[in-house]
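# how would this look folded up:
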Amino acid sequence: VDCASSAAAIPAARSIRTWVRAALDSDHADAEICVRIVDEAEMRDLNARYRSRDCTTNVLSFPAELPPAVDVPLLGDIVVCAPVVAREAAEQHKPARAHWAHMLVHATLHLLGHDHERAREAARMEALETRILATLKFPDPYRM
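You can find the predicted model right below:
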């Protein structure tokens, strides 16, 4: 966990690791993931550079692209924009910790290959997120 944000109320690294681990399946229990927490300027730059979207976003996932010969359990990187997550939690009337947990579970599932581009994929991914968050004692983020 690498914090490059000056935002207040960022969850402890221990909580972040717990939420990411909860989303990992048994095939990836030993996976390595880097989580970087950033402010809006860095997130806007990353979103523009890698997704051609000149705006901030809450979270981005970058799956590792290792050559087949490299046997390292690196799954990828997650970047979270602390101010955006805080603003969304307030706007959606959600507890900040619950929204942080949701964003990290969501991003980890992306690293595992889950997606939400089509309605059926979105329904599966949302159901999985909801189940994982329930194991962490967080409410369904889609019903709050």
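# all strands for the protein, in order.
2-3, 32-38, 59-63, 74-81 (DSSP state E).
# Give me whichever of these is most buried.
Highest mean neighbour count of those: strand 74-81, a mean of 22 (counted as mean count of other CB atoms under 10 Å). Any C-beta I mention is one placed from the backbone N, CA and C, and that applies to glycine too.
# so what does that strand touch, helix or strand wise?
Judged by 3 or more CB pairs under 8 Å, 6 or more residues apart in numbering; DSSP states H and E, the packing partners of strand 74-81 are strand 32-38, helix 40-51, strand 59-63, helix 96-111.
# Dump that strand to PDB, restricted to CA.
The C-alpha trace of strand 74-81 is given here as PDB (Å, rounded to 0.1, in the frame of the first residue of the first chain):
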ATOM      1  CA  LEU A  74       2.000 -10.300  -9.300                       C
ATOM      2  CA  LEU A  75      -1.600  -9.800 -10.200                       C
ATOM      3  CA  GLY A  76      -1.400  -6.100 -10.900                       C
ATOM      4  CA  ASP A  77      -1.900  -2.600  -9.500                       C
ATOM      5  CA  ILE A  78      -4.900  -0.700  -8.100                       C
ATOM      6  CA  VAL A  79      -5.100   3.000  -7.900                       C
ATOM      7  CA  VAL A  80      -7.700   4.700  -5.700                       C
ATOM      8  CA  CYS A  81      -8.500   8.400  -5.700                       C
END
